[in-house]
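*Asks:* The following comprises the amino acid sequence and a computationally predicted model.
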Amino acid sequence: MSNNCELCIVNCELQARPAVLLVEDNEKLNMANSRVLKLSGFDVYTALSLEEARAQLAVTEPDVILLDVMLPDGDGFEFCDSIRSETNAHIIFLTAKVLHEDVLRGLRAGGDDYITKPFHPEELVARVAAAMRRRNMDKTTTGTITKGSLSLDIIAAQAYINGINLRLTPKEFALLLLLVQNEGVTMSAEHIFKSVWGQPLNNDKNALQTAISKLRAKIEQTGYDIVSYRSKGYKFSTK
């Protein structure tokens, strides 16, 4: 195959890739993350403020919106809530806010996922790729995520199996929601603990391992499992 033909194929593949709107007010981070996403084959539109984000949304239809929470002209959570009825894009928050309450606030505002700052560029690319795989996830307007016999009511923060309430604690629900929202993505124990417990893991691995063990037992009849990978982390996937 000639070089020209190979170049044509690559260009066609890139044109078919998803579009990402990156809303980040730190110009250096915006440029760096935009470059990483472009090199990974995504079409990237950028905005340094909510005003610029609104202007981009007026002329583009992104598949994924990467949305910083603390922006110079407003709050990312409120912006998400205001545009949720206008776009079906998968919205991923970029935030240093890792408390359980902040996570639920973002999800209740219409967000689909979040990445805790600071993050590695490879994680950013993996999350965007995972978002595209989850685009057809069964999610109703009431904020329910359904995976087989397992359903999660985001508004009520409750999980059910065949309609039976699992009666999860707030942290158990936040942990399960994080894993389900990132189905197929292996997340480190440090990232999971910081996201759910709001603090560094340090040497407190027992708390996470115990919570994972309890969740695995509670969802074992659903056909899904929380797989553990030594030194790598955990992943929610089918058995």
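*Replies:* Right, received. Where do you want to start?
*Asks:* give me every residue that touches the nearest residue to residue 60 once chain neighbours are set aside.
*Replies:* What sits nearest to residue 60 in space, not counting adjacent residues and going by Cβ to Cβ, 6 or more residues apart in numbering, is residue 45, at 5.4 Å. From N, CA and C alone the C-beta is placed, and that goes for glycine too. For residue 45, the contacting residues are 19-22, 56, 60, 62, by Cβ atoms under 8 Å, 6 or more residues apart in numbering.
*Asks:* Please identify which pair of those residues lies farthest apart.
*Replies:* Across these, the longest distance by Cβ to Cβ is 11.7 Å; it joins 22 and 60.
*Asks:* The two: which is more packed in?
*Replies:* Taking other Cβ atoms under 10 Å, residue 22 and residue 60 do not tie; residue 22 has more neighbours (27 against 12).
*Asks:* circling back to that earlier point, run through the bridge partners of the residue nearest to residue 60.
*Replies:* Note on residue 45: beta-bridge partners residue 21, judged by DSSP bridges.
*Asks:* Return the distance of it relative to residue 24.
*Replies:* Separation of residue 45 from residue 24 (Cβ to Cβ, to the nearest Å): 12 Å.
*Asks:* which residues of this structure fall in strands?
*Replies:* Under the criterion DSSP state E, the chain carries strands at the ranges 19-23, 43-47, 64-68, 70-71, 74-75, 90-95, 113-116, 144-147, 150-153, 158-161, 164-165, 224-229, 233-238.
*Asks:* Leaving out sequence neighbours, find the closest residue to the residue nearest to the spatial centre of the chain.
*Replies:* Using Cα atoms, centre = their mean, the residue of the chain that lies closest to the mean C-alpha position is residue 113, 2.8 Å off. Residue nearest to residue 113 in three dimensions, not counting chain neighbours: residue 92, with 4.5 Å by Cβ to Cβ, 6+ apart.
*Asks:* Surely that neighbour and residue 67 touch.
*Replies:* Yes. Judged on Cβ atoms under 8 Å, residue 92 makes contact with residue 67 at a distance of 6.9 Å.
*Asks:* joint contacts of these two?
*Replies:* Residues touching both residue 92 and residue 67 (Cβ under 8 Å, 6+ apart): residue 111.
*Asks:* Those two - which one has more neighbours?
*Replies:* residue 67 (27 against 23).
*Asks:* Please list all residues in contact with the more buried one.
*Replies:* Contact partners of residue 67, counting by Cβ under 8 Å, 6+ apart, are 23, 53, 76, 79-80, 91-94, 111.
*Asks:* redo that, cut-off 10 Å
*Replies:* Neighbour list for residue 67: 21-24, 47, 50, 53, 76-77, 79-80, 83, 89, 91-95, 106, 111, 114 [criterion: Cβ atoms under 10 Å, 6 or more residues apart in numbering].
*Asks:* burial count for the residue lying closest to residue 167 once chain neighbours are set aside?
*Replies:* Leaving aside its chain neighbours, residue 167 sits nearest to residue 158 (7.9 Å; criterion: Cβ to Cβ, 6+ apart). Other residues lying near residue 158 total 15 when counted by other Cβ under 10 Å.
*Asks:* in the sheet, who's paired with residue 158?
*Replies:* Beta bridges link residue 158 to residue 153 when assigned by DSSP bridges.
*Asks:* hang on, it packs against residue 168?
*Replies:* Yes. Look at residue 158 against residue 168 with Cβ atoms under 10 Å: they come within range, at 7.2 Å.
*Asks:* Alright, calling it a day.
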